[in-house]
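**Q** show me the folded form of this:
(one chain, ligands or ions: 2)
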Amino acid sequence: MSNETIQAVKGMNDILPDEAELWLWFEEEVRDWLHSYGYRNIRMPLVEPTALFKRAIGEVTDIVEKEMYSFEDALNGDHLTLRPEGTASCVRAALQHNLLYNAPQRLYYSGQMFRHERPQKGRYRQFHQVGVEALGFAGPDIDAEQILMCARLWEKLGIRDVALQLNTLGDAAARQRHRDKLIAYFTQHQELLDADATRRLHSNPLRILDSKNPAMQELIAVAPKLMDELEDDALQHFEAVQAILKSHDVVFEINPRLVRGLDYYNRTVFEWVTTRLGAQGTICAGGRFDGLIEQIGGKPAPATGFAMGVERLLALLQDDGMVLPKPALDVYVVHQGESASRLASHVAEQLRDGGLRVLLHCGGGSFKSQMKKADASGAAVAVVIGDDEAQANEASVKPMQGGEQVRVSVQHLTATVNRLIK
Ligand code: ATP
Ligand code: MG
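**A** Ligands and ions are numbered 1, 2, ... in the order given. Predicted structure coming up:
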């Protein structure tokens, strides 16, 4: 048998207690924020049929081609995948349970996502997203509202230095025309394409525009523009979104090269980007996906949504020096002797009944060593029970920040502690 220690899977992080304080705070802030816009929580499985992601995200995307943790269920041969994102599952769940039958839905979820990428700062193999989806809404009002929501969250969390990039991908017909022109253009310059682009030339030429290869930037810069193909409807939609944002003084930049890595988007797409996280600068991304519901097998219905990368958001906050204190403890219960220890455990439960945060000393030791631990625990008071106290059904209360120790009956203990810690 080997005694080597076993480490976590590469790119999958433990979140230790000190850091978890920040996560807990963040989750609470985010929940309040989502509820203030009327969004409701939905929770989907971490594992889905592989076919769901192939169909929703698209076969010729980074995620489906090379980032998915897919496996065959050893017991029944099912093809399964650890979810790489939440939109596909959310739409699947809404359809499976007829949520869209009567009314549109504002939904949110949060949790782990899995992508087999090269781990680096801000890019992990298990990471967390908060995802927000509005299913069944067609108008530009909801696109704009979702962007305003984000702006409000950054404000609420104290996140500065994020910029909004906006684009429109138009509708299917315009995309088809643009696609044909792109294929013709890139075919003309085939000798300048890298391997990825050559592979995508006919399967997904739009994604060539998203290439980060510096050698191709010049070629991409003068490629045919989707903007030139847009129909009036899509243009008006885009202009309406911009008008609402401007009326709220939300600053944005139109980035015609913003195409997003997933196939299901149309019309409005956006990203919130910071320069403070190196290459992993996108903290939040989303847009409209009017075709997805039908693609997954539902009656056609419009939809729009976005997802935030929690690790990247928290990295920004930590970069600002944000650290949260651990939750304060009210009472540390010190006890010695058999009957004292019996009473101490009941006293601790009684204090918790009264709403107090109580740490009952475990593991024995002298009064002196227990008091040292009480001191280090940060508790406001120590409740001390020896045989003497136990016999009288009493306890001593010692304020840890100085002040007189008092001895009271167990019956009056909760009230006494409450008075002392105020
Ligand atoms: P990128 O271009 O950085 O790979 P993406 O377009 O693949 O991002 P989305 O699928 O839009 O990302 O996911 C939404 C957000 O989730 C991203 O903006 C980012 O903040 C976060 N995210 C995506 N992949 C990772 C990852 N591997 N590790 C940490 N966060 C991630
Ligand atoms: Mg990616």
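
**Q** stretch 35-42: which residues count as buried?
**A** Neighbour counts using 16 or more other C-beta atoms under 10 Å place 37, 39, 42 of stretch 35-42 among the buried residues. Where you see a C-beta, it was placed from the backbone N, CA and C, and this is true even at glycine.

**Q** can you name the residue of the stretch 101-250 of the chain nearest ligand 1?
**A** The minimum distance from the stretch 101-250 of the chain to ligand 1, using C-beta to the nearest ligand atom, falls at residue 127 (3.4 Å).

**Q** do the chain as well
**A** Scanning the chain for proximity to ligand 1 using C-beta to the nearest ligand atom identifies residue 309 as nearest, at 2.2 Å.

**Q** look up how far residue 94 lies from that residue.
**A** 23 Å (C-beta to C-beta, to the nearest Å).

**Q** one more: residue 402?
**A** Plainly put, residue 402 is 59 Å away from residue 94 if you go by C-beta to C-beta.

**Q** which one's more surrounded, the two?
**A** residue 94 (24 against 6; other C-beta atoms under 10 Å).

**Q** contacts only, for the nearest residue to residue 187 once chain neighbours are set aside.
**A** Nearest in space to residue 187, with sequence neighbours left out and distances taken as C-beta to C-beta, 6 or more residues apart in numbering, is residue 201 at 6.9 Å. With contacts taken as C-beta atoms under 8 Å, 6 or more residues apart in numbering, residue 201 has the following neighbours: 183, 186-187, 190, 193, 208.

**Q** before we move on, which element is residue 201 in?
**A** Residue 201 belongs to helix 195-203 when assigned by DSSP states H and E.

**Q** that older thread, narrow the contacts of residue 201 to those in helices?
**A** Taking DSSP state H as the definition of helices, the contacts of residue 201 contribute 183, 186-187.

**Q** which among the residues you listed end up buried?
**A** If you count burial by 16+ other C-beta under 10 Å, the buried members of the ones in helices among the contacts of residue 201 come out as residue 186.

**Q** now tabulate the ones in helices among the contacts of residue 201 in TSV and tack on pLDDT and distance to ligand 1.
**A** Formatted as TSV, those follow (pLDDT from 0 to 100; distance: C-beta to the nearest ligand atom, whole Å):
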residue	pLDDT	distance to ligand 1
183	95	23
186	95	21
187	95	26
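
**Q** hang on, the earlier thing: list the buried residues of the helix holding residue 201.
**A** Neighbour-count burial for helix 195-203 flags 196-197, 200-201 (criterion: 16+ other C-beta under 10 Å).

**Q** skipping adjacent residues, who's closest to residue 304 in space?
**A** Residue 304 sits nearest to residue 288 (C-beta to C-beta, 6+ apart), 4.3 Å away.

**Q** and residue 52, by the same measure?
**A** residue 88 (5.3 Å).

**Q** returning to what we had before: find me the pLDDT at the residue nearest to residue 187, would you?
**A** According to the per-residue confidence, residue 201 scores 92 in pLDDT.

**Q** ok, it to residue 217 distance?
**A** Residue 201 sits at a distance of 17 Å from residue 217 (criterion: C-beta to C-beta).

**Q** what of residue 16?
**A** 41 Å.

**Q** those two: who's more crowded?
**A** More neighbours sit around residue 217 than around the other of residue 16 and residue 217, counting by other C-beta under 10 Å; the figures are 11 against 8.

**Q** just say helix, strand or coil for the more buried one.
**A** Assigned state for residue 217: helix (three-state reduction, DSSP: H, G, I helix; E, B strand; the rest coil).

**Q** wait, what's in contact with it?
**A** For residue 217, no contacting residues are found, by C-beta under 8 Å, 6+ apart.

**Q** ok, now with 10 Å
**A** 211, 257 (C-beta atoms under 10 Å, 6 or more residues apart in numbering).

**Q** check it and give its pLDDT.
**A** The predicted local distance difference test score for residue 217 is 91.

**Q** burial count for residue 303?
**A** Residue 303: 27 neighbours (other C-beta under 10 Å).

**Q** what sits closest to residue 406 if chain neighbours are left out?
**A** Of all residues apart from its sequence neighbours, residue 397 sits closest to residue 406 (C-beta to C-beta, 6+ apart), at 5.4 Å.

**Q** correction: the previous question concerned residue 67.
**A** Residue nearest to residue 67 in three dimensions, not counting chain neighbours: residue 115, with 4.1 Å by C-beta to C-beta, 6+ apart.

**Q** how close does that neighbour get to residue 69?
**A** Taking C-beta to C-beta as the measure, residue 115 falls 8 Å from residue 69.

**Q** quick one: common contacting residues for those two?
**A** 82-84, 125-126.

**Q** quick check: residues of the stretch 201-350 of the chain near ligand 1?
**A** 261, 280, 282-285, 307, 309, 311-312 (C-beta under 6 Å from any ligand atom).

**Q** only alpha carbons, please: show whichever helix or strand residue 267 is part of as CSV.
**A** Assigned by DSSP H and E, residue 267 falls within strand 266-273. Included here for strand 266-273 are C-alpha records, laid out as CSV according to Å, rounded to 0.1, in the frame of the first residue of the first chain:
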residue,chain,number,x,y,z
ASN,A,266,-28.5,35.6,-31.3
ARG,A,267,-29.2,39.4,-31.3
THR,A,268,-27.9,41.0,-28.1
VAL,A,269,-24.6,39.7,-26.6
PHE,A,270,-22.5,41.3,-23.9
GLU,A,271,-19.5,40.8,-21.7
TRP,A,272,-18.3,42.7,-18.6
VAL,A,273,-14.5,42.9,-18.8
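
**Q** tell me the SS of residue 249?
**A** Following three-state DSSP, we place residue 249 in the coil state.

**Q** break the chain down into its domains, please.
**A** Structural domains assigned to the chain are 17-171+231-319, 331-417, following automatic domain parsing.

**Q** any chance of JSON lines for these, columns distance to residue 223?
**A** JSON lines is the format used below for the domains of the chain (distance: least, C-beta to C-beta, whole Å):
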{"stretch": "domain 17-171+231-319", "distance to residue 223": "9"}
{"stretch": "domain 331-417", "distance to residue 223": "60"}
